[in-house]
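[1] Whatever this is, show me its structure:
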Amino acid sequence: MSESYDKPVMSDKLVEVMVDSVFRKNGIKPEEVKNNLSEKQREMLKEMVNDLKAQVEEFQEKRNESKSE
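    Next up, the predicted model:
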């Protein structure tokens, strides 16, 4: 099996829904955020999302390993 097959993939749509939900809960309009972010802030957010994604995948992988033992 390939490594990419073993890791669960979080769809972009799911991430979008989750972010939208957090924004609505906090009264933030996505249009305003997009217009007010600098390029550096955008890059930092992308890195943060990628880091969180990796952490979630690692957590799920460890959880699956412990279930199979």
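[2] which helix is the longest one in this structure?
    Ranked by residue count, the top helix of the chain under DSSP state H comes out as helix 39-68.
[3] what mean pLDDT does it have?
    Averaged across helix 39-68, pLDDT comes to 88.
[4] got the buried residues for it?
    Within helix 39-68, no residue is scored as buried using 16 or more other Cβ atoms under 10 Å. C-betas here are computed from N, CA, C, even on glycine.
[5] That one packs against which elements?
    Here helix 39-68 touches no other helix or strand, going by 3 or more Cβ pairs under 8 Å, 6 or more residues apart in numbering; DSSP states H and E.
[6] how distant is it from the center of its chain?
    Put simply, helix 39-68 sits 7 Å off its chain's centre (Cα atoms, centre = their mean, to the nearest Å).
[7] Also stretch 26-33?
    Averaging C-alpha positions (Cα atoms, centre = their mean) puts stretch 26-33 18 Å from its chain's average.
[8] Now do it: everything it contacts.
    Here stretch 26-33 makes contact (Cβ atoms under 8 Å, 6 or more residues apart in numbering) with 19-20, 23.
[9] in it, what's buried?
    Buried residues in stretch 26-33, counting neighbours by 16+ other Cβ under 10 Å, are absent.
[10] Straight-line length of that stretch, end to end?
    By Cα to Cα, to the nearest Å, the extent of stretch 26-33 from end to end equals 12 Å.
[11] average pLDDT for it?
    84.
[12] How confident is the prediction for residue 8, by pLDDT?
    53.
[13] quick check, nearest of the contacts of stretch 26-33 to residue 65?
    Minimum distance to residue 65 across the contacts of stretch 26-33 is 29.0 Å, recorded for residue 19 (Cβ to Cβ).
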